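Chemist: the following comprises the amino acid sequence and a computationally predicted model.
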Amino acid sequence: MSQDESNEKFDVEGFVKKVLMTIPPMVKASNRLPKEGDDYEFYRTYESFGQFIGSSSSQILATIGTLLKNQGLKESFSKAASLGEIDVEELTDSLIACNDGILERAMTTLEHLNNGGKDDAKTLPSTEPVVEQASRPAIVSSWNKTDRFGKEKKYKLYHKSAIERPQIHFKEKIDNSCAPFIPKIFVKPNALRPLSKTLKEINLKQGKNNDPSLAISNLISSARHARPVDHEIYEHPYQTEIENFQPQECQVSKTDPIMYKPLETLAVNEVVDKVEDLRTVLEELKEAKEIAIDLEHHSYRSFLGITCLMQISTREKDYIVDTLKLREELYILNEVFTDPKIIKVLHGSGQDVMWLQRDHGLYLVNMFDTGEAARALEIGRSLKFLLQRYCNVEANKEHQTADWRVRPLDEELINYAQSDTHYLLYIHDVMKNELLATGPGGYQLLKSVFNHCKEMCLQRFKKPANFDKLEKIFFRRKPRNSTRSEIRQQLAALKALYSWRDSIARREDESPGYVLTNHMLVQMAKQLPRDRQGVLAICHPVPLFVRQQQREIHGLLIEAIENPVAVEKRFGSEMGPRKFSRHKATETQQKAAPIGQGVPQWQEMLAVARRRLENKNN
């Protein structure tokens, strides 16, 4: 059958639109149902309501089970529907795991297709420049036909282009160690409290030694000179400035909204990628009273993630800054970003605050988050909703999943990125007035938005630790008839595989999901294949590092089966949930306790520092 005949028989785009059209009324209908609590218990007393809920639940669960079976996934919805035993939390975890499995399979399949159907077995070592090869610059699917105006519509999958790993060009080494994060800052403009001298010295030494971890280098230095660890270096550099910030009267008063200018897409050669151009931008930003900021990020081919692009808008002009090329130079923007007289407008800034700290040593003082304002106004919090509500602009999500590492950027990507901040200052103006107009408490409501934003700005970037999530998935979905001995073997395998994946991901600077997905890892630990082919059979398709190191993985599984006690001892029992809960402090305790105390990795880093010092002395 030809492709044209296939398209005539099944219109994918029409089918997707039909399915999507059923979602809004479904959500509205479900929102009208009584919520869990007193209302639900009251309605539950009516026999007809109980019968309706019971029959509807069974039908929905059975449908979900059928859909997941069609995807070749193990599911528990069909059994729950037939038995009438509904554990909401367990089914939710199961659904999340199935969705993760589908998405991870799609991502790895795209990577597989990206290489012309061949596994990327010829990847160069991480010490050499690595280029991800693609068989073509972009993929245009058969269902990309026309839009509603009859024009040809093509969705370009930019993550399919040949992309050189940008990490190889960074001047500073990527620190993927488990050592605590040290703020990347050596100058502090707009300071109320001077920067720690130790922190300044540590950052100025960056790149002058062969150790990529500033924290480990500092520990070795402290051990060599027999001085105590300076915990101040791990604190938020701008904590004092943020806590003492109060918005100016004009920033919390009603004003006439300033209408945005027509969006004129920047040309490719207008992207800021040179230091001299960045300094020009800085001088122009100093003249502004408010600026809008947004970031584009990539996390799939990096352990901690990479900030790839920064968008900044003033009332007069939009800027697109190449944060890959200017990664080590962007610290100069702290002159504006930490200026308390200039409002920084962002939307959904929780992650942006972390990324700015992690990659560029940038901090925010005086921030207004339109997402927080939407929460206070009790309206839709998505940027798409706000653009439609206040600007009558339909957000373009065509490049929502683009790989922002691609260079050079084309005008389509630039336009997509530019639109995220172009309208944001006008939206800020209108939302500020709406907050003030809510009634007698409007002023306090606006101040509460600023206070919430202060709390977000006070967040410190912390390196992730996700073993507790894996263990939760494992225990939620473990076979009911497993013996205690089998569970111990499986848990030992889970820890061994996690440790292997974590080591590979840190060393190669890849995301754990790229090395081995959570779904595949848990399945290996549960099934405990006794031969190498069994390891490969669990993975569809087989990840690159699994194929390269199947012997090592198989060895870990056999060791977990034959001697789980030794495996637990080798990979550390502190990964267990009881140990995790013991070290999990409240927010108040985290603020009060010295940085690094109560965290198992901290003692490990001290031991590493001592061993290195002893080896050097010997």
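Modeler: Everything's here; your move. Here the structure is a predicted model, which is why all the values come from computation and not from measurement. Numbers count the residues shown, from 1 in each chain.

Chemist: where does the stretch 451-600 of the chain have low pLDDT?
Modeler: Applying pLDDT under 70 to the stretch 451-600 of the chain picks out residues 466-481, 572-600.

Chemist: now do the helices in it.
Modeler: 467-476, 484-508, 512-515, 518-527, 532-538, 544-548, 550-562, 564-571, 577-583, 587-592, 600-617 (DSSP state H, counting those that start in this stretch).

Chemist: repeat that for the stretch 201-350 of the chain.
Modeler: Here the stretch 201-350 of the chain has its helices, by DSSP H, counting those that start in this stretch, at 214-224, 239-243, 275-285, 334-337, 350-360.

Chemist: as PDB, could you dump the C-alpha coordinates of the second one?
Modeler: I take that to be helix 239-243. Provided in PDB are the C-alpha atoms of helix 239-243 (Å, rounded to 0.1, in the frame of the first residue of the first chain):
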ATOM      1  CA  GLN A 239      20.000  36.500  50.500                       C
ATOM      2  CA  THR A 240      20.400  39.800  52.400                       C
ATOM      3  CA  GLU A 241      19.500  41.900  49.400                       C
ATOM      4  CA  ILE A 242      16.400  39.800  48.600                       C
ATOM      5  CA  GLU A 243      15.100  39.700  52.200                       C
END
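
Chemist: what's the distance between the nearest residue to C453 once chain neighbours are set aside and P247?
Modeler: Leaving aside its sequence neighbours, C453 sits nearest to M367 (CB to CB, 6 or more residues apart in numbering; 4.5 Å). Where you see a C-beta, it was placed from the backbone N, CA and C, and this is true even at glycine. When distance is defined by CB to CB, to the nearest Å, M367 is 10 Å away from P247.

Chemist: quick one: low-confidence ranges for the stretch 101-250 of the chain?
Modeler: Along the stretch 101-250 of the chain, segments meeting pLDDT under 70 span 107-108, 110-162, 206-216, 218-229.

Chemist: let's see that with 80 instead.
Modeler: By pLDDT under 80, the weakly predicted segments of the stretch 101-250 of the chain are 101-162, 205-231.

Chemist: C539: what's it in contact with?
Modeler: L516, M520, V546 (CB atoms under 8 Å, 6 or more residues apart in numbering).

Chemist: could you export those residues to a markdown table, including columns for distance to S448?
Modeler: Below are the contacts of C539 laid out as a markdown table (distance: CB to CB, whole Å):
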| residue | distance to S448 |
| --- | --- |
| L516 | 44 |
| M520 | 44 |
| V546 | 49 |
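
Chemist: next one: Q59 from K28, what distance?
Modeler: For Q59 relative to K28 (CB to CB), the value is 19 Å.

Chemist: how about A492?
Modeler: Per CB to CB, A492 is found 48 Å from K28.

Chemist: those two: who's more crowded?
Modeler: Higher neighbour count among A492 and K28: A492, with 26 against 9, using other CB atoms under 10 Å.

Chemist: need the strands for the stretch 351-500 of the chain, in chain order.
Modeler: Listed in chain order, the strands of the stretch 351-500 of the chain (DSSP state E, counting those that start in this stretch) span residues 367-369.

Chemist: isn't T370 right up against I427?
Modeler: Yes: using CB atoms under 8 Å, T370 is in contact with I427, at 5.5 Å.

Chemist: which neighbours do those two share?
Modeler: Joint contacts of T370 and I427 (CB under 8 Å, 6+ apart) are V345, L386.

Chemist: tell me the contacts of K200?
Modeler: If you count contacts by CB under 8 Å, 6+ apart, then K200 has I185, F186, V187 around it.

Chemist: for the helix or strand encompassing it, the distance to its chain's centre please.
Modeler: Using DSSP states H and E, K200 sits in helix 197-204. Relative to its chain's centre, helix 197-204 lies at 29 Å (CA atoms, centre = their mean, to the nearest Å).

Chemist: quick check: buried residues in that helix?
Modeler: T198, L199, K200, I202, N203 (16 or more other CB atoms under 10 Å).

Chemist: including distance to I343, could those go into JSON lines?
Modeler: Output for the buried residues of helix 197-204, formatted as JSON lines (distance: CB to CB, whole Å):
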{"residue": "T198", "distance to I343": "33"}
{"residue": "L199", "distance to I343": "28"}
{"residue": "K200", "distance to I343": "29"}
{"residue": "I202", "distance to I343": "32"}
{"residue": "N203", "distance to I343": "28"}
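
Chemist: out of those residues, flag the one nearest to S503.
Modeler: I202 (25.7 Å; CB to CB).

Chemist: that closest one contacts S217, doesn't it?
Modeler: Yes: counting by CB under 8 Å, S217 is a contact partner of I202 at 7.4 Å.

Chemist: I174 against R507, yeah?
Modeler: No: between I174 and R507 there is no contact, the gap being 10.6 Å when judged by CB under 8 Å.

Chemist: before we move on, back to that, may I see the contacts of K200 arranged in a markdown table, with neighbour count as well?
Modeler: Rendered in a markdown table, the data for those read as follows (neighbours: other CB atoms under 10 Å):
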| residue | neighbour count |
| --- | --- |
| I185 | 20 |
| F186 | 16 |
| V187 | 14 |
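
Chemist: and those as JSON lines, adding distance to G441 and secondary structure?
Modeler: Formatted as JSON lines, the contacts of K200 follow (distance: CB to CB, whole Å; DSSP: H, G, I helix; E, B strand; the rest coil):
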{"residue": "I185", "distance to G441": "38", "secondary structure": "coil"}
{"residue": "F186", "distance to G441": "44", "secondary structure": "coil"}
{"residue": "V187", "distance to G441": "41", "secondary structure": "coil"}
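
Chemist: host element of the residue lying closest to R44 once chain neighbours are set aside?
Modeler: Nearest residue to R44 in three dimensions, chain neighbours excluded: G50, at 5.8 Å (CB to CB, 6+ apart). G50 belongs to helix 47-70 when elements are defined using DSSP H and E.

Chemist: what's that helix in contact with?
Modeler: Helix 47-70 is contacted from outside by 43-44, 75-82, 84, 86, 91, 95, 98, using CB under 8 Å, 6+ apart.

Chemist: mind giving me the packing neighbours of whichever helix or strand comes after it?
Modeler: Using DSSP H and E, the helix or strand that follows helix 47-70 towards the C-terminus is helix 77-83. Helix 77-83 is packed against helix 47-70, helix 88-114, with contacts defined by 3 or more CB pairs under 8 Å, 6 or more residues apart in numbering; DSSP states H and E.

Chemist: quick one: buried residues of stretch 168-186?
Modeler: So, applying 16+ other CB under 10 Å, buried residues of stretch 168-186: 173-186.
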